[in-house]
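**Student:** Below is the sequence, then the predicted model.
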Amino acid sequence: MKSAKVNIPLAEEKIIPDRFYVMKLATEAVDKVRRGEHRQLSADGDNRLIRLRYLWLTGQENLTDAQRERFEAIYSDELETGKAWAYKEMLRDLWHHDDAISATIFFKDWYKPVIHTKLTPLKKVTKTIRERLANVVSYCTDGITNAVAEGMNSKIMSIKRRVAGYRNHENFKIAIFFYCGGLDLY
């Protein structure tokens with residue numbers, strides 16, 4: 001991001017963080033809350049959160065019926081982990097807005113209750129998103145992310161790993177053009 005801001009005109013307004021990474025931050029925060037709460041409960045002899053990591057980190061649409069029943073049973077216990085998970089799930093709705101203004105209003109409404117909780121990892125994520133909010137909500141207007149660039153970068157790194165690096169930068173550029181250029185040699 002720093003390099004793009006220095007080298008590309010108007011990059012500050014054009015950088016759109018991939019929603020995958022924003023949600024990854026929120027999911028990691030839920031896991032931190034779960035681990036901390038599990039430590040506290042285990043100290044008291046309560047093992048309710050043991051072997052439930054996958055249930056909290058997976059989207060509800062991806063759970064089997066048995067997993068969903070197990071999740072709902074533990075969610076009804078009103079644990080801090082459940083609150084963090086619910087806030088994370090609400091955040092997923094941020095990308096379903098048609099414009100940046102309505103997405104910003106949604107975020108501010110989501111932000112207020114989260115920042116006043118005791119869920120420190122989630123509060124940290126909330127502040128991170130707020131610092132880059134203009135870029136995050138610009139997805140709603142533009143509808144694009146850096147996923148294509150991420151895919152291209154992944155392909156380039158794969159080329160580099162395949163030959164264990166290049167001593168000559170020119171050969172590396174030729175290999176990138178060859179594999180990523182969409183050439184039809186036949």
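**Tutor:** Now that the structure is in, tell me what you want to look at. Residues are numbered from 1 along each chain as shown.

**Student:** average pLDDT across the lengthiest helix in the chain?
**Tutor:** Criterion DSSP state H: the longest helix present in the chain is helix 19-43. Helix 19-43 comes out with an average pLDDT of 91.

**Student:** what separates stretch 91-105 from the chain centre, distance-wise?
**Tutor:** 16 Å (Cα atoms, centre = their mean, to the nearest Å).

**Student:** Just the buried positions in it, please.
**Tutor:** L91, L94, W95, H97, A100, A103, T104 (16 or more other Cβ atoms under 10 Å). Heads up, the C-betas are built off the backbone N, CA and C, glycines and all.

**Student:** Kindly report the same for stretch 104-112.
**Tutor:** Quick answer for stretch 104-112 (16+ other Cβ under 10 Å): T104, F106, F107, W110, Y111.

**Student:** quick one: the second one and D99 touch, right?
**Tutor:** In other words, F106. No - using Cβ atoms under 8 Å, F106 is not in contact with D99; the gap is 10.8 Å.

**Student:** Packing partners of the longest helix of the chain?
**Tutor:** For helix 19-43, the packing partners by 3 or more Cβ pairs under 8 Å, 6 or more residues apart in numbering; DSSP states H and E come out as helix 53-57, helix 80-91, helix 120-131.

**Student:** same thing but at 10 Å, please
**Tutor:** Using 3 or more Cβ pairs under 10 Å, 6 or more residues apart in numbering; DSSP states H and E as the contact test, the elements touching helix 19-43 are helix 53-57, helix 80-91, helix 120-131, helix 133-142, helix 147-162.

**Student:** And the contacts of the third one?
**Tutor:** Residues from elsewhere that reach helix 120-131 (Cβ atoms under 10 Å, 6 or more residues apart in numbering): 17, 22-36, 80, 83-85, 87-88, 91, 94, 107-108, 110-112, 114-117, 119, 135-137.

**Student:** picking up where we left off before, the longest helix of the chain to helix 133-142, inter-axis angle?
**Tutor:** Interaxial angle, helix 19-43 versus helix 133-142 (axes from the mean of the first three to the mean of the last three Cα atoms, to 10 degrees): 130 degrees.

**Student:** so how far is helix 19-43 off the chain centroid?
**Tutor:** 13 Å.

**Student:** got the buried residues for that helix?
**Tutor:** Neighbour-count burial for helix 19-43 [16+ other Cβ under 10 Å]: 19, 22-23, 25-27, 29-34, 37-38, 41.

**Student:** Kindly report the same for stretch 134-153.
**Tutor:** N135, V136, V137, S138, Y139, C140, T145.

**Student:** and this structure, what are its domains?
**Tutor:** As assigned by automatic domain parsing, the chain contains the domains 2-142, 147-180.
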